[in-house]
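Just to be clear, the model below is a prediction. Sequence and coordinates:
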Amino acid sequence: MSIKNNLKSVLDQINDKATLVAVSKTKPNEDLLEAYEAGQRIFGENKVQELTSKYESLPKDIEWHMIGHLQSNKVKYIAPFVSLIHGVDSIKLLKTIDKEGRKNDRKIPCLIQMHIAEEETKFGFTEQEIKELLTPELLAELEFVDIKGVMGMATFTNDEDQIRKEFAGLKTTFDRLSEDVFSDNPAFREISMGMSGDYNIAIEEGSTMVRVGSFIFGARNYH
């Protein structure tokens, strides 16, 4: 199977119900170009260094999404061009993104990462933390951050019922946050959940954005 065929197969399944982020981490530029030539324009990377080097060498109409855990001291490298930061998991990081957005005179689109998995290893906020921390005062201060929605990762398990329950929980949280915290923000409408193994379940549970890598590009390349 070619990357082009794999991409078409994933897009046929998604059927315009969600935005596809093609997760291209560890993949060489020629793989990304094959997907690009087949029409894909949104790519996700999880390492800042790899993201910036691909941004510099690949077509400029690509939308780059930072999907991995982002350290505050690395924000400055991607602030000039990143289209969406998926994993904002601390107020410190949010404030750093705002500061770097100000320097670059652009509002940087972000998703708030929610902790939905039962594993302790995943990053993210609880709903209660968001309601306590994201006060109207703080949101007003963050002039150069554009909070577009939420992101969450399900537990790494083969138990579909558990995965479905976690995704459904994130959709419920999103709905409540839309009413309570972001009622004045019409841009707050994205739910990024679902990866290669579970994106169909995620879409059924309300995902608007899925991150698919290995189903498009094959297994990851670890050097």
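Thanks, I have it.

Distance from the helix or strand Gly149 falls within to the middle of the chain?
Using DSSP states H and E, Gly149 sits within strand 145-152. From the chain centre to the centre of strand 145-152 is a distance of 8 Å (CA atoms, centre = their mean, to the nearest Å).

ok, then the element right after the helix or strand hosting Asp12?
Using DSSP H and E, Asp12 sits within helix 3-14. Using DSSP H and E, the helix or strand that follows helix 3-14 in sequence is strand 19-23.

Quick one: work out the angle between that following strand and helix 3-14.
Between strand 19-23 and helix 3-14, the angle comes out at 150 degrees (axes from the mean of the first three to the mean of the last three CA atoms, to 10 degrees).

Following element in sequence after strand 19-23, please.
The helix or strand immediately downstream of strand 19-23 is helix 29-37, counting by DSSP H and E.

Tell me the buried residues in that following helix?
31-32, 34-36 (16 or more other CB atoms under 10 Å). All C-beta atoms are positioned from the backbone trio N, CA, C, and that covers glycine.

Let me know the closest of the residues you listed to Lys47.
Leu32 (14.4 Å; CB to CB).

Let me see the mean pLDDT of whatever helix or strand comes next after the strand holding Gly149.
Sequence-wise, the next helix or strand downstream of strand 145-152 (DSSP H and E) is helix 160-180. What helix 160-180 shows for mean pLDDT is 96.

Is the residue sitting nearest the centre point of the chain in a helix, a strand, or coil?
Centroid check for the chain by CA atoms, centre = their mean gives His86 as the closest residue, at 3.1 Å. With DSSP: H, G, I helix; E, B strand; the rest coil as the basis, His86 sits in strand.

per-residue pLDDT, it?
Per-residue confidence (pLDDT) for His86: 96.

show me what contacts it?
44, 65-67, 111, 113, 151, 192, 211 (CB atoms under 8 Å, 6 or more residues apart in numbering).

quick one, the helix or strand harbouring Ile191 and helix 160-180 angle?
Using DSSP H and E, Ile191 sits within strand 190-195. Counting by the same axes, to 10 degrees, strand 190-195 lies at 170 degrees to helix 160-180.

Check which helices and strands strand 190-195 sits against.
strand 19-23, strand 145-152, helix 160-180, helix 199-204, strand 209-212 (3 or more CB pairs under 8 Å, 6 or more residues apart in numbering; DSSP states H and E).
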